[in-house]
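Fold the following, please.
(one chain, ligands or ions: 1)
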Amino acid sequence: MKTALYPGSFDPVTRGHMDIITRASRLCDALVVAVMHNPDKRGAMDVASRVQALSLACAHLPNVRVIAHGGLLIECAAQTGADAVIRGVRPLGDFETEYQMAQVNRELGGVETLLMATSPAYASISSSIVRQIAAFGGAIDSMVPPEAAACIRASLAGQGR
Ligand code: COA
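Model (predicted):
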C-alpha cells in the first residue's frame, strides 16, 4: 500500500496506539497519523500538545508523518491521498463502533478501512485511564511512549483537582 491514514483523538497517544502505528508503518510506503476531533469526547489535551506528543513518539519511524485535521475523516483521507484508513481494535467493545464508522466512511467517501488487532499487552490501556491517572499525579510511564511521557505529563498535570 502506498499511503495509509491512521486517525484518532490521541488524547493522549498511548503504547496501544504506538503498537498499531509501528505495525502499520511496515505495511505501507507512508503512514499519516491524523489528530482529529471526536464529537463524543470533550478533550483534555489541546490539539497542538497531542501532535507534539505523537511527533516525539514517532520520530524514529521515517515513513510516519503526524498532522492535525479538523474536519471529516473522509475529507482527511482525500486530502492526504490515503489508499486506506487503519484502525486498531481491542478485544472488548471496539468492534461494533469501528464497523459502523468503516461502513459510513465507505458509503460517504469511498474510503476503505482496515482493522488491526491490538496486541494483547495493550488491550487494557486507554487514553481515558492515562488522563485520569496523570491528572492526579500518578505514574503513567508504563502506558505511554517513553519519548512523549514528559510532554503528556506536563499537559495533563493538575486537571483532576
Ligand atoms: N490499544 C489500546 N487502546 C487503544 C488503541 C490501541 N491500539 N486504539 C485506540 N485505543 C483507545 C484509545 O486510547 C481511546 O481510549 P478512550 O476512549 O479511553 O479515550 C479509544 O481507544 C479510542 O481513541 P482513538 O483511537 O485515539 O480515537 P477515537 O476513537 O476517539 O477517534 C475519530 C475517532 C477521531 C477517528 C472519529 O471520531 C472521526 O473520524 N472524527 C472525525 C469526524 C468524522 O468524520 N466523523 C464521522 C465518522 S463515521
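
and residue 125, helix, strand or coil?
Using DSSP: H, G, I helix; E, B strand; the rest coil, the three-state assignment for residue 125 comes out as coil.

which residues does it contact?
Counting by C-beta atoms under 8 Å, 6 or more residues apart in numbering, residue 125 makes contact with 14-16, 143. C-betas here are computed from N, CA, C, even on glycine.

Same check on residue 130?
If you count contacts by C-beta under 8 Å, 6+ apart, then residue 130 has 12, 14, 140, 143-144, 152, 156 around it.

I'd like these as CSV, with secondary structure, pLDDT and neighbour count appended.
Compiled in CSV, the contacts of residue 130 are given as follows (DSSP: H, G, I helix; E, B strand; the rest coil; pLDDT from 0 to 100; neighbours: other C-beta atoms under 10 Å):
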residue, secondary structure, pLDDT, neighbour count
12, coil, 98, 28
14, coil, 98, 23
140, coil, 96, 20
143, coil, 98, 21
144, coil, 98, 26
152, helix, 95, 29
156, helix, 91, 23
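
Next, format those as TSV and append distance to residue 29.
TSV is the format used below for the contacts of residue 130 (distance: C-beta to C-beta, whole Å):
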residue	distance to residue 29
12	27
14	25
140	33
143	30
144	28
152	29
156	34
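
So which of the residues you listed would count as near the ligand as well?
residue 14 (C-beta under 6 Å from any ligand atom).
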